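J.: Show me the folded form of this:
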Amino acid sequence: MARKHKKHEEHENHERWLVSYADFITLLFAFFVVMYATSEANEGKQKQFEESIKLNLHLAAAKADAAGRGSILEEAMAELEAPVSGFPRKGGPKEVEDYVERSLDKSMNGEQKQKSIQDVYHDSVGVRIALAASTFFPAGSAKLKMSALNSLDKVAEVLKSHQKRVIIEGHTDDLPIEDSYFPSNWELAGGRATAVVRYFVKYHKIDPKRFLAISYGDQKPIVPNDNEEHRAMNRRIEIFIITDDKKVEI
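T.: From the prediction side, this is the model:
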């Protein structure tokens, strides 16, 4: 009589969840590797990519121009090149302000910018770079400090990147000055504004026809002259880049 074999019962595998868990961990690891790789900036590859885009746009614009369809591509190309190549060819004061901020951030370290640049802002006519006068001039003097020339060179590079007209404004606090050379704050503010213009023209060869030097003395404070901190804020040189010539006559 044939012996019957007992069938062994199959035990349920309670550890199958480990396979899914391992797959999940692997995918999560891969995700973070990709995120890390994409977050690492490679300036060389970025520059190569930008040049490649510009070259292809030039070729496309040339082909489109031959077919009588070049204007739209040329405008698109100009918009792309503006933030890459330098001073905005199009756009208003806000775009110019952004360019100035980027340029100064790139050329100055944090401490240098904080010490030299009081503010950068725009209005409907143009962009203003406010310099802290105490950094650039000794008290009661219109002679530029040697230690401040490097900062002024960085600002000059911004002005050399375009052909816009520029107004240099001199401002003081309301403390009276008693000096044989500067009888009042009017002369002191005007002397400082002129010194900045002269430096840009003489040492950076910027066209003098682009400049106008103005003295406001203590007549245009940005804060009340009620303490030393506020008076220091009012002692400033404002470099006013005119973005709309129709609104300002120089």
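J.: what about L175, neighbour count?
T.: Other residues lying near L175 total 14 when counted by other C-beta atoms under 10 Å. Every residue, glycine included, has its C-beta placed from N, CA and C.
J.: what's near enough to touch it?
T.: L175 is in contact with 225, 231, counting by C-beta atoms under 8 Å, 6 or more residues apart in numbering.
J.: So it versus E157, what's the distance?
T.: 34 Å (C-beta to C-beta, to the nearest Å).
J.: Low-confidence regions, this structure specifically.
T.: Applying pLDDT under 70 to the predicted model, the residue ranges of the chain that meet it are 1-21, 36-86, 89-90, 246-250.
J.: Around E178, how many other residues sit close by?
T.: Under the neighbour criterion other C-beta under 10 Å, E178 is assigned a count of 8.
J.: Phi and psi next, for it.
T.: For E178, the backbone dihedrals are phi -120, psi 90 (criterion: degrees, to the nearest 10).
J.: what do you get for T135?
T.: Backbone dihedrals for T135, given as degrees, to the nearest 10, come out at phi -80, psi -30.
J.: What about it, how many residues nearby?
T.: Taking other C-beta under 10 Å as the criterion, the count of residues near T135 is 20.
J.: isn't it right up against K115?
T.: Yes - with contact defined as C-beta atoms under 8 Å, T135 and K115 form a contacting pair (5.6 Å).
J.: Common neighbours of those two, please.
T.: Taking C-beta under 8 Å, 6+ apart as the contact rule, the neighbours common to T135 and K115 are S151.
J.: domains of the protein?
T.: Structural domains annotated on the chain: 17-85, 93-242, as defined by automatic domain parsing.
J.: Just say which of those is most tucked in.
T.: Stretch with highest mean neighbour count among the domains of the chain: domain 93-242 (a mean of 17; mean count of other C-beta atoms under 10 Å).
J.: got the end-to-end distance for that one?
T.: Domain 93-242 has its terminal residues 9 Å apart, counting by C-alpha to C-alpha, to the nearest Å.
J.: can you give me the helices in this protein?
T.: Counting by DSSP state H, one finds helices in the chain at the ranges 17-39, 43-66, 70-85, 93-107, 110-116, 133-136, 149-160, 185-204, 228-234.
J.: Determine how far the last residue of stretch 228-244 lies from the first.
T.: End to end - C-alpha to C-alpha - stretch 228-244 spans 36 Å.
J.: ok, now stretch 180-188?
T.: According to C-alpha to C-alpha, stretch 180-188 extends 11 Å from its N-terminal end residue to its C-terminal end residue.
J.: Number the chain from 53, please
T.: Will do, 53 is the new start, and the previous item becomes stretch 232-240.
J.: Show residues contacting it.
T.: Contact with stretch 232-240 is made by 192, 194, 222, 224-226, 228-229, 231, 243, 267, 269-270, as judged by C-beta under 8 Å, 6+ apart.
J.: Done for today, thanks.
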